[in-house]
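Visitor: any chance you can model this:
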Amino acid sequence: MRKIGLVIVTSLLAVTLAACGNTHNSNSSSSSNNTKVAKKAANSTTMNTSNNSTLDPNQLTPAQNAALVLYYTGEHMPGSDQNDYSKDMDVSGQGAVVKIYNKNSVPKGEGPLYKDYPDGADLLYYVKLNQKDSEHGIDSTYYTIAGNKTYISDSDAGISPDGVTKAEMVAYAKQHHAVKRIMNVANNTKVQDMRNQSASANNSHNSHNLSTQQLGTLVALYQEPDWFKDGISDGMMWYGSNSNGFSYVTANGDPTSWLYFKRNGNDVTIKYVDPKEGQSVAEASTTTKHVTVSGLLRDYYTNQSQKDEVNGYANKLKPESDYNDN
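Guide: Residues are numbered from 1 along each chain as shown. Model prediction:
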């Protein structure tokens with residue numbers, strides 16, 4: 001009987017120990033799994049936080065800011081609702097070059113045609129992707145900064161009058177899951193400060209002697225090239241000066257056929273009558289804008305072919321006195 005009892009007790013003890021062992025293993029496995037899940041969740045949280053924090057509006061580098069503006073501009077182009085204009089920013093290894101200019105010394109093609117800068121803007125930033133794969137994607141843009149707002153290019157070769165803050169652009173990018181796209185470009189972007197080169201060019205051109213006919217030709221080629229060339233071709237274009245210090249080129253028609261200009265060092269003030277839609281010439285106001293001598297020479301008077309063209313037009317301008325005598 002004792003043997004039978006001992007066997008029973010031993011069996012019960014073995015079952016109890018096995019159960020305890022299973023419970024321990026189960027708890028250990030559960031604890032281990034919970035730890036793994038917790039670590040995975042922590043890693044996931046860290047990864048998401050890292051992705052979002054890579055674009056901090058308060059700590060943007062010039063390269064990040066340029067890539068951000070390029071993306072934001074593409075997203076606000078006409079037709080962007082139907083087209084992904086910034087998709088070239090996703091190209092593997094994509095990068096860009098950012099050039100910083102004094103706003104009055106931007107080369108033709110890298111800045112606005114209509115230089116309506118906001119108050120307080122001194123610099124113009126031009127950014128261009130290294131690679132362009134898609135036919136309709138945006139690969140370059142320009143922008144300026146005044147105060148805490150960035151003013152992007154508009155669809156009419158000018159500058160948008162409505163500024164946007166860095167925080168607004170970053171929020172838009174995060175909302176549309178574009179941080180990775182922007183950082184892909186920013187991480188391979190070079191920044192070139194062109195201001196010293198611009199200053200050197202300005203000093204060189206400030207001493208450039210231009211006749212009234214030459215400067216008038218440069219201004220006309222900038223402002224109204226077709227009108228001017230047609231007038232020259234027809235032998236119906238004159239030049240002269242008035243009592244308020246402005247010179248002009250004119251076809252001697254209505255007030256819209258007079259283009260006034262005045263030089264002060266490297267600055268050239270241009271004035272012309274500009275009727276808006278629905279306005280008569282009599283109702284139209286005078287528009288004033290500023291360009292630089294250095295910019296005009298760079299865009300229209302650099303190589304010999306350009307110089308020959310400008311000087312040829314200038315020589316065909318007639319003095320206003322000839323018109324008055326007739």
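
Visitor: where does pLDDT dip in the chain?
Guide: 1-53, 197-207, 325-326 (pLDDT under 70).

Visitor: let me see the ranges of the helices in it.
Guide: Under the criterion DSSP state H, helices of the chain are mapped to 2-53, 62-75, 166-175, 179-186, 195-206, 212-223, 225-233, 293-300, 304-316, 320-325.

Visitor: need the contact list for the residue positioned nearest the centre of the chain.
Guide: For the chain, the residue nearest the mean C-alpha position is Tyr142 (2.4 Å; C-alpha atoms, centre = their mean). By C-beta atoms under 8 Å, 6 or more residues apart in numbering, Tyr142 lies in contact with Val106, Glu110, Gly111, Pro112, Leu124, Tyr125, Tyr126, Val127, Ser153. Where C-beta positions appear, they are placed from N, C-alpha and C, glycine not excepted.

Visitor: ok, so of those, who is nearest Gln223?
Guide: Within the set of the contacts of Tyr142, Pro112 lies nearest Gln223; the separation is 14.2 Å, counting by C-beta to C-beta.

Visitor: residues contacting that closest one?
Guide: By C-beta under 8 Å, 6+ apart, the contact set of Pro112 is Val106, Leu124, Tyr142, Ser153, Ala157, Gly158, Ile159.

Visitor: one more pass at 10 Å, please.
Guide: 103, 106, 124, 142-144, 151, 153-154, 156-160 (C-beta atoms under 10 Å, 6 or more residues apart in numbering).

Visitor: give me the distance between it and Thr288.
Guide: Distance, Pro112 to Thr288, using C-beta to C-beta, to the nearest Å: 16 Å.

Visitor: before we move on, what about Gly312?
Guide: According to C-beta to C-beta, Gly312 and Thr288 sit 29 Å apart.

Visitor: I'd like the contacts of Pro112 as CSV, with distance to Asn83 appended.
Guide: Shown next, in CSV, are these (distance: C-beta to C-beta, whole Å):
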residue, distance to Asn83
Lys103, 30
Val106, 28
Leu124, 26
Tyr142, 21
Tyr143, 21
Thr144, 26
Tyr151, 23
Ser153, 17
Asp154, 18
Asp156, 19
Ala157, 20
Gly158, 22
Ile159, 23
Ser160, 19
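
Visitor: just the residues you listed: which are in strands?
Guide: Using DSSP state E, the subset of the contacts of Pro112 located in strands is Leu124, Tyr142, Tyr143, Thr144, Tyr151.

Visitor: and which of those residues is nearest Gln64?
Guide: Tyr143 (13.6 Å).

Visitor: may I have the beta-bridge partners of the closest one?
Guide: On the basis of DSSP bridges, Tyr143 is bridged to Tyr125, Ile152.

Visitor: ok, Thr189 next?
Guide: Ala96.

Visitor: closest to His176 among the ones in strands among the contacts of Pro112?
Guide: For the ones in strands among the contacts of Pro112, the nearest to His176 is Tyr143 (19.1 Å; C-beta to C-beta).

Visitor: wait, that closest one sits on Tyr151?
Guide: Yes - Tyr143 lies in contact with Tyr151 (C-beta atoms under 10 Å); the separation is 6.2 Å.

Visitor: comparing the two, which shows the higher neighbour count?
Guide: Between Tyr143 and Tyr151, counted using other C-beta atoms under 10 Å, the more crowded position is Tyr143 (26 against 23).

Visitor: spit out the contact partners of that one.
Guide: For Tyr143, the contacting residues are 65-66, 69-70, 72-73, 111-112, 121, 123-127, 150-153, 159-160, 163-164, by C-beta under 10 Å, 6+ apart.

Visitor: try it again at 7 Å.
Guide: Residues counted as contacts of Tyr143 (C-beta atoms under 7 Å, 6 or more residues apart in numbering) are Val69, Tyr125, Thr150, Tyr151, Ile152, Ser153.
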